[in-house]
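Engineer: Got a predicted structure plus its sequence, pasted below:
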Amino acid sequence: MRTYATIQHHENTLLQAMLAHDVEKLDALLHDDLLFITPDGQTVTKAMDLDAHRKGLMVIERVATVIEQINIIGDNAVVTLVMNTKGKMIDMPIEGRFRYIRVWKKLGADFKVIGGSCTAL
């Protein structure tokens, strides 16, 4: 599988794991030292993200994504995408369009998310 196709596949797998609260799959896709910045400036770690899914604190009611660009830089892939979503995070409604940047790092034979950020559009 080509690298671009591999990253597209991983992005789709990540989204499906988020929708299903599949903590095992998320654990496999996220690096242990992941750092992600939310639209309100909070830093989220892998442990925090997995915990939110375990407890059902993040509920995605509707989502549509479009991958805008994938840049391969050595063993890294930088992805930008737009997500149109509706849901809740800790009972706080979330709805709108968001632009994400996500960094995947090749580790051994596979890729893991090592960092990212999202902003409201």
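Structural biologist: On my side now, so go ahead. Here the structure is a predicted model, which means the values were calculated and not measured. Numbers count the residues shown, from 1 in each chain.
Engineer: ranges for the strands of the chain?
Structural biologist: Per DSSP state E, the chain carries strands over the ranges 30-37, 43-45, 58-73, 76-89, 92-107, 110-120.
Engineer: just so I know, which of those lies nearest residue 19?
Structural biologist: Ranking the strands of the chain by their distance to residue 19 (criterion: Cβ to Cβ) puts strand 58-73 first, at 5.6 Å. Glycine gets a C-beta too; all of them are placed from N, C-alpha and C.
Engineer: Now do the closest one: which elements does it pack against?
Structural biologist: For strand 58-73, the packing partners by 3 or more Cβ pairs under 8 Å, 6 or more residues apart in numbering; DSSP states H and E come out as helix 3-20, strand 76-89.
Engineer: List the strands paired with the last one, with their directions.
Structural biologist: Using DSSP bridges, the strands paired with strand 76-89 are strand 58-73 (antiparallel), strand 92-107 (antiparallel).
Engineer: who's in contact with that strand?
Structural biologist: Residues outside strand 76-89 that contact it (Cβ atoms under 8 Å, 6 or more residues apart in numbering): 3, 7, 11, 52, 57-71, 93-106, 111, 114, 118, 121.
Engineer: Could you pick out the buried ones from those?
Structural biologist: 7, 11, 52, 60, 65, 67, 70, 94, 98, 100-104, 106, 111, 114, 118 (16 or more other Cβ atoms under 10 Å).
Engineer: got a pLDDT number for the most centrally placed residue in the chain?
Structural biologist: With distances taken as Cα atoms, centre = their mean, residue 14 lies nearest the centre of the chain, 6.2 Å away. Per-residue confidence (pLDDT) for residue 14: 96.
Engineer: That one is in contact with residue 111, isn't it?
Structural biologist: No: assessed by Cβ atoms under 8 Å, residue 14 is found out of contact with residue 111, at 10.3 Å.
Engineer: coming back round to it: would you list the strands of the chain in a markdown table and tack on mean pLDDT and distance to residue 20?
Structural biologist: As requested, the strands of the chain are exported to a markdown table (pLDDT from 0 to 100; distance: least, Cβ to Cβ, whole Å):
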| stretch | mean pLDDT | distance to residue 20 |
| --- | --- | --- |
| strand 30-37 | 97 | 15 |
| strand 43-45 | 95 | 19 |
| strand 58-73 | 93 | 10 |
| strand 76-89 | 94 | 14 |
| strand 92-107 | 94 | 18 |
| strand 110-120 | 96 | 17 |
